[in-house]
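Novice: no sequence for this one, just the structure:
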């Protein structure tokens, strides 16, 4: 009977007998695994081969909640921001709320239509970055890349912070601990996404669809009650909003336009996340472009329906909503509501009033809204790593971002996004209102450059296309992108004018920082590539090899290093010992002579008991004496099997290697000597290599004996 690492019996009638290791029939293998490996497998699941990448592709029903959760979740806070901005002039300005909602819906419809053209023209997953780079040049591409990186980080920070606020409203004990709650949520999302996009998509699909059903159901029920004439008022309908100082008088035309522009720019937060699908086309099943375009259309229709319905219902139900920092402007019978007043989110107020006779429905709406705000960050966890891998491939980001992890996800990008989002959450104390001002600048920068790039793409394609039907299709696509550019450019100007001093300048600085960082990384990689380029001089052999073997005492590792150094046949070979003032030097010299070792031993005196500096200086002097020669330094090292033994050995060798690596003309060679404890590490590797994993038989990586009783490699 074979047992697992937990001691449970493994049901197999006969033991495994890996023939490649020559084990006998009676020997039963046990898999030795580290605690870290077990924990990693529990957290992430089993490893996936590169050939299994196709198994991680998403159908439309899973891709919608994966890539659309950010845009859909904006329904939970975009209406709030619209009413907050309109409230600056008092509740009378709410009459414009539905018109602002229609304007935002129009922009979203045009942007969705524009991105449907993008996913067909550029299905490789580069999205806005690829469009801008190909059609407008590398500078425009880096601008878009920096804007998207900032936007993804802010998406996580805003969504998670908003979810933490909902959690604090539901659980009073969490009040004041919102940043910690948000950080824990970010870490949870990071862990889920490290398991792979398909795994996270399945997990997030149910709450995302539940949010859609809950909000659309709430709005439909409310609109039916509105048509029947029995629509109730929300809890804040009896309050009065005092206008901001200076806005007490009726607004002039210019003042009204400025107010509506600010409300419109805040409402455009609903457009964030639309671009994520264009960056995630490679994650879709075939036909990738068609499935991505269909998902975009569904996203646009659902998001517009929910946002407009929520704003219309809130207006009809008498909502009174102000900035959480301006609660003193809310009055009841002429008296401020006081600091103890708890202002609930717009959706929460609507749900409580609409379902006043059925409270479970209210709790369902509030719960799924809080959940979707957390899960909305999952869009960024899918977009940021893909964008990071593309930037890494182009030499604009660290190459580590382009490496896939055990579950075929870009693990380094996922971890980097989580770290930056947590830092931002703590800096802004998880306050959504402060973060929202930074939010939509970056995404509209990428919108504009993407639309301009697509216009150039279609114009260039029309120069060579001769088929009339295809030309008409291209001209129609170019017109859609032109309208998209016009609208997004207007929105960007409005955002910069209304939000720059409110915090958008921080986003601009962050974009500039990422732009300069990408430029510096590219320059570094280009410089390294130039230095590493092979030429004829690299074929020249060194005129002389001076080998030195470092000696700490005369034992087996030293003798092995001497033997290995001899085998390389250097021009000069000598042992080097550093005398630190102890009485071991004379004993070592005596042992050296007694064993009649035919290699000279040189003693370097170190009056200050340093061990590294004398060796480095000696190697440097040898190199100076023969500039065209090479100094080969052989360092005997112990190989141990337990982690704590690493702390007890080889520390001087590590420091010495670190110093010698920066010494020109010096080659460092480690000569390992395996201690008995290293057998543990070798046994672990051997067991791992011969372990039969679930699915190996199905994939043909093991074979079954004719008697169907034993599986062997």
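Specialist: Here it is on my side, so go on. Only a predicted model underlies this, so the values are computations on that prediction, with no experimental measurement involved.
Novice: and residue 386, how many neighbours?
Specialist: 23 (other Cβ atoms under 10 Å). For glycine as for every other residue, the C-beta is placed from the backbone atoms N, C-alpha and C.
Novice: And it, how far from residue 128?
Specialist: 12 Å (Cβ to Cβ, to the nearest Å).
Novice: what is in contact with the two at once?
Specialist: Common neighbours of residue 386 and residue 128 (criterion: Cβ atoms under 8 Å, 6 or more residues apart in numbering): residue 279.
Novice: Residue 60: neighbour count?
Specialist: For residue 60, the count of nearby residues is 14 (other Cβ under 10 Å).
Novice: quick one: it from residue 292, how far?
Specialist: 9 Å.
Novice: Check residue 235 too.
Specialist: 42 Å.
Novice: Please say which of these two ends up with more neighbours.
Specialist: Each of residue 235 and residue 292 has its neighbours counted (other Cβ under 10 Å); residue 292 has more, 28 against 19.
Novice: I'd like to know which elements the helix or strand hosting that one is packed against.
Specialist: If you go by DSSP states H and E, residue 292 is part of helix 288-316. If contacts are counted by 3 or more Cβ pairs under 8 Å, 6 or more residues apart in numbering; DSSP states H and E, helix 288-316 sits against helix 60-73, helix 78-86, helix 97-121, helix 197-228, helix 276-279, helix 346-354.
Novice: downstream neighbour of it in the secondary structure list?
Specialist: Sequence-wise, the next helix or strand downstream of helix 288-316 (DSSP H and E) is strand 330-332.
Novice: partners of the helix or strand that that following strand is followed by in the sheet?
Specialist: In the C-terminal direction, the helix or strand that comes right after strand 330-332 (DSSP H and E) is strand 335-336. Using DSSP bridges, the strands paired with strand 335-336 in its sheet are strand 330-332 (antiparallel).
Novice: so residue 269 makes contact with residue 75?
Specialist: No. Residue 269 is beyond contact range of residue 75, at 10.2 Å (criterion: Cβ atoms under 8 Å).
Novice: For those two, indicate the residue with more neighbours.
Specialist: Each of residue 269 and residue 75 has its neighbours counted (other Cβ under 10 Å); residue 75 has more, 28 against 24.
Novice: Which residue, other than its chain neighbours, is closest to the more buried one?
Specialist: By the measure of Cβ to Cβ, 6 or more residues apart in numbering, the closest residue to residue 75 outside its immediate chain neighbours is residue 306, 4.5 Å from it.
Novice: So that neighbour versus residue 300, what's the distance?
Specialist: With Cβ to Cβ as the criterion, residue 306 and residue 300 are 11 Å apart.
Novice: And for residue 138?
Specialist: 31 Å.
Novice: what's around the closest residue to residue 160 other than its chain neighbours, how many residues?
Specialist: Closest residue to residue 160 apart from its sequence neighbours, by Cβ to Cβ, 6+ apart: residue 182 at 4.5 Å. Other residues within reach of residue 182, judged by other Cβ under 10 Å, total 29.
Novice: Kindly report the same for residue 509.
Specialist: Residues contacting residue 509 under the criterion other Cβ under 10 Å number 11.
Novice: tilt between the helix or strand hosting the residue nearest to residue 160 and helix 197-228?
Specialist: Assigned by DSSP H and E, residue 182 falls within helix 178-194. With axes from the mean of the first three to the mean of the last three Cα atoms, to 10 degrees defining the directions, helix 178-194 sits at 120 degrees from helix 197-228.
Novice: average pLDDT for helix 178-194?
Specialist: The pLDDT scores in helix 178-194 average 87.
Novice: That helix - contacts with which helices or strands?
Specialist: On a contact count with 3+ Cβ pairs under 8 Å, 6+ apart, helix 178-194 meets helix 35-44, helix 138-170, helix 197-228, helix 359-375, helix 377-393, helix 411-427.
Novice: Columns mean pLDDT and distance to residue 507 on top of those helices, output as TSV?
Specialist: Supplementary listing: those in TSV, determined by pLDDT from 0 to 100; distance: least, Cβ to Cβ, whole Å:
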stretch	mean pLDDT	distance to residue 507
helix 35-44	52	33
helix 138-170	85	6
helix 197-228	85	27
helix 359-375	85	21
helix 377-393	84	15
helix 411-427	90	11
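Novice: how about those helices in a markdown table, adding distance to residue 188?
Specialist: Converted to a markdown table, the helices and strands packed on helix 178-194 look like this (distance: least, Cβ to Cβ, whole Å):
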| stretch | distance to residue 188 |
| --- | --- |
| helix 35-44 | 11 |
| helix 138-170 | 10 |
| helix 197-228 | 11 |
| helix 359-375 | 8 |
| helix 377-393 | 10 |
| helix 411-427 | 10 |
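Novice: So for residue 557, which of these sits nearest?
Specialist: Residue 557 lies closest to helix 35-44 among the helices and strands packed on helix 178-194, at 28.2 Å (Cβ to Cβ).
Novice: can you give me the helices for the stretch 401-550 of the chain?
Specialist: Taking DSSP state H, counting those that start in this stretch as the test, the helices found in the stretch 401-550 of the chain are 411-427, 432-462, 468-499, 505-532.
Novice: Settle this for me: residue 630 is touching residue 665, isn't it.
Specialist: Yes. With contact defined as Cβ under 8 Å, residue 630 reaches residue 665; the gap is 5.9 Å.
Novice: residue contacts, the residue lying closest to residue 98 once chain neighbours are set aside?
Specialist: Distances taken as Cβ to Cβ, 6+ apart place residue 312 nearest to residue 98, at 5.3 Å, with adjacent residues excluded. Counting by Cβ under 8 Å, 6+ apart, residue 312 makes contact with 97-98, 101, 223.
Novice: Relative to residue 66, which of those is nearest.
Specialist: For the contacts of residue 312, the nearest to residue 66 is residue 101 (26.5 Å; Cβ to Cβ).
Novice: number of nearby residues for the nearest residue to the closest one once chain neighbours are set aside?
Specialist: Nearest residue to residue 101 in three dimensions, chain neighbours excluded: residue 311, at 4.1 Å (Cβ to Cβ, 6+ apart). By other Cβ under 10 Å, the residues close to residue 311 number 27.
Novice: burial count for the closest residue to residue 80 other than its chain neighbours?
Specialist: Nearest residue to residue 80 in three dimensions, chain neighbours excluded: residue 346, at 5.0 Å (Cβ to Cβ, 6+ apart). For residue 346, the count of nearby residues is 27 (other Cβ under 10 Å).
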